[in-house]
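>>> Need coordinates for the following:
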Amino acid sequence: MPTSAGLRRVLVVLCATEITSWGVLYYAFPVLSGQITAATGWSATWLTAALSASQLVAALVGIPVGRWLDQHGPRSAMTAGSVLAVAAIVAVALAPNLAWFVIAWVVAGVAMGAVLYPPAFAALTRWHGPNRVRALTVLTLVAGLASTVFAPLAAVVSAQLDWRGTYLVLAAILAVITIPGHWFGLRLPWPPAPRPEPQHAHSVDPARVARSQAFVLLVVSLSVAAFATFAVVINLVPLLAERGIGTGTAAIALGLGGVGQVAGRLGYAALTRHTTVRTRTAVILAAMAATTALLGMLTTVAALIVASVLAGMARGVFTLLQATAVTDRWGATHYGRLTGLLSAPLTVTMALAPFAGAALAGLLGGYSATFLLLGALTAVAALLSLATAPTSSKTTAT
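From the prediction side, this is the model:
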């Protein structure tokens, strides 16, 4: 069995690598995209499409990665993903044309499938066992600061260098923190898969679970919610610009949303103790729906910043909800495989969200109406989530 010191080391390592990976591979992009368009003449639509393509590839890669993790653990997969991520970001920085830029982001998508949340969640779920909620909470608390740290960092660096130089600096940070972190920090022996608990005896066959009504509805409801929340993240700055708010203030609002994510996650352990899995899923999705609609209705700077923080809180709890969705319903025996299947469509909707959000704004005549529609879609997802608890499993708080 791993020692307490070994488990703490793994948690610290994953906190450092996740905040860096998310910051470089995702949150730097919305800050730098305008500068990239201005410097190259490449359309914003194509730039967003490149990021979306990376997310689609990450979704596909996540399925075999999940199977690998169940059998072999995270060390080799996450280290290889980090090496590839660094190479991809360097390729992004050196892109001589748009085609190169898009291909580099596709390669980055392969890396994302091996280094972002799902592999880290699988590692902590197996290693920490009954204490997984605490470990997952700590991880997502720290990684939730990725936008808070890396959005302003990207803005500061890009004020001194061009966007290419900024991405090279970010690639160096990614290399220094994540490659040795994953290789040297994830050396604990990989425990055998835990036997199914009595209340999860129905989940012995993961293929059967994946075909069940509860799993399918879980995928649908969480995917719709993920679509809406990531459309909000990427399109928050344009929404604020539509309200006449400057880029600097909008970047602060985006960063404070990351602080909100951290605050929201602090109460998740208590929520799991006092609610059933069905109730907390519906409540969290309803909170996401309400905060998204608020962003569409409010107009003053102060009110929009507060709403951004509240939306970040709901988004932060949603990440933990996703991380524990499989174990709360079907146990940890096939966590990597089932989470890979669950995460793939969520990642697809995340990939489509930036482009779809901008497209909806064009169709609906602005971002306000778009955010109201996204809130309504998330409310529908909250209703669907009421049918995602397996009837033969224990649905009390876990």
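>>> any weak-confidence spans in this structure?
Residues of the chain that meet the criterion pLDDT under 70 lie in 1, 193-204, 391-398.
>>> Give me the domain ranges for it.
What automatic domain parsing lists as the domains of the chain is 1-192, 199-398.
>>> Dump those to CSV, plus mean neighbour count.
C-betas here are computed from N, CA, C, even on glycine. CSV is the format used below for the domains of the chain (neighbours: other CB atoms under 10 Å):
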stretch, mean neighbour count
domain 1-192, 20
domain 199-398, 20
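>>> Now do the contacts for I19.
I19 sits next to V142, A143, L145, A146, V149 when contact means CB atoms under 8 Å, 6 or more residues apart in numbering.
>>> Which of those residues fall within helices?
V142, A143, A146, V149 (DSSP state H).
>>> how near is the last one to V156?
It refers to V149. 11 Å (CB to CB, to the nearest Å).
>>> can you check the second one too?
Remark: distance between A143 and V156 (CB to CB) = 21 Å.
>>> now do the third one
Counting by CB to CB, the gap between A146 and V156 amounts to 16 Å.
>>> before we move on, the earlier item: from the ones in helices among the contacts of I19, which is closest to V326?
Distance to V326 across the ones in helices among the contacts of I19 (CB to CB) is lowest for A143, with 19.1 Å.
>>> L25 is in contact with the closest one, correct?
No: the criterion here is CB atoms under 8 Å, and A143 misses it with L25 at 12.0 Å.
>>> my read: A382 touches V224, true?
No: A382 is not in contact with V224 according to CB under 8 Å; the separation is 9.4 Å.
>>> Report the set of residues contacting both of these two.
With CB under 8 Å, 6+ apart as the test, A382 and V224 reach no residue in common.
>>> Name the next helix or strand downstream of the strand or helix carrying D328, please.
Assigned by DSSP states H and E, D328 falls within helix 301-330. Heading C-terminal from helix 301-330, the first helix or strand you meet, by DSSP H and E, is helix 335-364.
>>> helices or strands up against the next helix-or-strand element following that following helix?
Counting by DSSP H and E, the next helix or strand C-terminal to helix 335-364 is helix 367-384. Applying 3 or more CB pairs under 8 Å, 6 or more residues apart in numbering; DSSP states H and E, we find helix 367-384 packed against helix 213-242, helix 277-297, helix 335-364.
>>> Relative to L11, tell me which of these wins on proximity.
helix 335-364 (17.0 Å).
>>> Distance from the chain centre to that closest one, please.
Distance, stretch centre to chain centre, for helix 335-364: 10 Å (CA atoms, centre = their mean, to the nearest Å).
>>> Packing partners of that helix?
Looks like helix 335-364 contacts helix 44-72, helix 117-128, helix 206-211, helix 213-242, helix 301-330, helix 367-384 (3+ CB pairs under 8 Å, 6+ apart).
>>> Now the element after the fourth one, going C-ward?
In other words, helix 213-242. Downstream of helix 213-242 (by DSSP H and E), the next one is helix 247-265.
>>> next structured bit after that next one?
helix 268-274.
>>> so how far is stretch 9-27 from its chain's centroid?
So, by CA atoms, centre = their mean, the centroid of stretch 9-27 is 12 Å from its chain's centroid.
>>> who touches stretch 22-39?
42-44, 47-48, 51, 54, 85, 89, 108, 111-112, 115-116, 143, 146-147, 149-151, 153-155, 158, 162-163, 166-167, 170-171, 173-174, 233-234, 237, 247, 251, 254.
>>> just stretch 212-224 next, same as before
Residues contacting stretch 212-224 (CB under 8 Å, 6+ apart): 209, 281, 285, 321-322, 325, 329-330, 338, 341-342, 345-346, 348-349, 377-378, 380-382, 384-385, 387-391.
>>> Using PDB, write out every CA atom in it.
Only the C-alpha atoms of stretch 212-224 are listed here, as PDB (Å, rounded to 0.1, in the frame of the first residue of the first chain):
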ATOM      1  CA  SER A 212     -27.700   1.600 -19.600                       C
ATOM      2  CA  GLN A 213     -30.300   4.300 -19.600                       C
ATOM      3  CA  ALA A 214     -28.800   5.900 -16.500                       C
ATOM      4  CA  PHE A 215     -25.300   6.200 -18.100                       C
ATOM      5  CA  VAL A 216     -26.700   7.500 -21.400                       C
ATOM      6  CA  LEU A 217     -28.800  10.100 -19.700                       C
ATOM      7  CA  LEU A 218     -25.800  11.100 -17.500                       C
ATOM      8  CA  VAL A 219     -23.700  11.600 -20.700                       C
ATOM      9  CA  VAL A 220     -26.400  13.700 -22.300                       C
ATOM     10  CA  SER A 221     -27.100  15.900 -19.300                       C
ATOM     11  CA  LEU A 222     -23.400  16.500 -18.400                       C
ATOM     12  CA  SER A 223     -22.500  17.100 -22.000                       C
ATOM     13  CA  VAL A 224     -25.200  19.800 -22.400                       C
END
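>>> No more questions from me, cheers.
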